[in-house]
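make a model of this:
(2 chains)
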Amino acid sequence: GAGVSQSPRYKVAKRGQDVALRCDPISGHVSLFWYQQALGQGPEFLTYFQNEAQLDKSGLPSDRFFAERPEGSVSTLKIQRTQQEDSAVYLCASSFERDLTYEQYFGPGTRLTVT
Amino acid sequence: GDSVTQMEGPVTLSEEAFLTINCTYTATGYPSLFWYVQYPGEGLQLLLKATKADDKGSNKGFEATYRKETTSFHLEKGSVQVSDSAVYFCARGGSARQLTFGSGTQLTVLP
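Next up is the predicted model:
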């Protein structure tokens, strides 16, 4: 079965450009998470969806970051007017709603480099 | 808030050596605990998990025991292999559902 997929795998953007990162979760997974992983660090939470509802966006670093999941499956993380500090790997993860252990399955990530 | 403190690396061992990577967590609530592994060029993979106190998670020769009294979840392996070279992340779940990760420990195993 397919795991979590993300595209593109690599993205280079000039400072000030807008970018859109896509996540396809595992089929049937209700919960979807976005994390940001800076070089040499652990992933840090950005936002969480349950179906199409964005239940927590407390980790989004600024109002330049926006995420959506309009039909409760595919999700897009959009970063407007990219800055150099946005350079990181962006990870998507999904999980079963009823998995009370909160085990999450991660995609390969999108490495964003802002020049 | 929730946090995870992980032994800093890098750690370099010879093949067949014993491995311990320390991890402690904040004691808010009764979190599930996880070890994830990131092999070079690959995404995060779940290595093992434990969901309640005294549970032992194990996989591929790695073990970790959920110790509530010391708020710890140390990763151990009796005999490491070159193929174990990777970055290891300790993480905790919580009522907010997202995972909180430690900063990662780079392990290099030399032949």
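
every contact and neighbour count from this point should use C-alpha atoms.
Noted.

who's in contact with the residue most central in space within chain A?
Centroid check for chain A by C-alpha atoms, centre = their mean gives A:Trp34 as the closest residue, at 3.2 Å. Each residue near A:Trp34 by C-alpha atoms under 8 Å, 6 or more residues apart in numbering or on different chains is listed here: A:Phe45, A:Leu46, A:Thr47, A:Tyr48, A:Leu77, A:Tyr90, A:Leu91, A:Cys92, A:Ala93.

and if we set it to 7 Å?
By C-alpha atoms under 7 Å, 6 or more residues apart in numbering or on different chains, A:Trp34 lies in contact with A:Phe45, A:Leu46, A:Thr47, A:Tyr48, A:Leu91, A:Cys92, A:Ala93.

scan the residues you listed and report the most crowded one.
Within the contacts of A:Trp34, most neighbours by other C-alpha atoms under 10 Å in any protein chain shown means A:Cys92, with 32 neighbours.

show me which pair in the contacts of A:Trp34 is furthest apart.
Spanning the widest gap among the contacts of A:Trp34 are A:Tyr48 and A:Leu91, at 12.1 Å by C-alpha to C-alpha.

secondary structure element for A:Phe33?
strand A:31-37 (DSSP states H and E).

and of the contacts of A:Trp34, the nearest to B:Glu8?
Nearest to B:Glu8 among the contacts of A:Trp34, with distances taken as C-alpha to C-alpha, is A:Phe45, at 20.7 Å.

what about the strand holding A:Phe33, distance to the chain center?
Centroid displacement of strand A:31-37 relative to its chain, using C-alpha atoms, centre = their mean, to the nearest Å, is 4 Å.

ok, stretch B:80-95 next?
4 Å.

could you dump it to PDB, C-alpha only?
The C-alpha trace of stretch B:80-95 is given here as PDB (Å, rounded to 0.1, in the frame of the first residue of the first chain):
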ATOM      1  CA  VAL B  80      25.000  -2.300  16.700                       C
ATOM      2  CA  GLN B  81      25.600  -2.800  13.000                       C
ATOM      3  CA  VAL B  82      26.900  -0.500  10.300                       C
ATOM      4  CA  SER B  83      23.400  -0.400   8.800                       C
ATOM      5  CA  ASP B  84      22.200   1.200  12.100                       C
ATOM      6  CA  SER B  85      24.000   4.400  11.200                       C
ATOM      7  CA  ALA B  86      21.200   7.000  11.100                       C
ATOM      8  CA  VAL B  87      19.700   9.900  13.100                       C
ATOM      9  CA  TYR B  88      17.400   8.800  16.000                       C
ATOM     10  CA  PHE B  89      14.600  10.900  17.300                       C
ATOM     11  CA  CYS B  90      12.800  10.500  20.600                       C
ATOM     12  CA  ALA B  91       9.200  11.800  20.500                       C
ATOM     13  CA  ARG B  92       6.200  12.100  22.800                       C
ATOM     14  CA  GLY B  93       2.500  12.300  21.900                       C
ATOM     15  CA  GLY B  94       0.100  14.300  23.900                       C
ATOM     16  CA  SER B  95      -3.500  15.400  24.300                       C
END
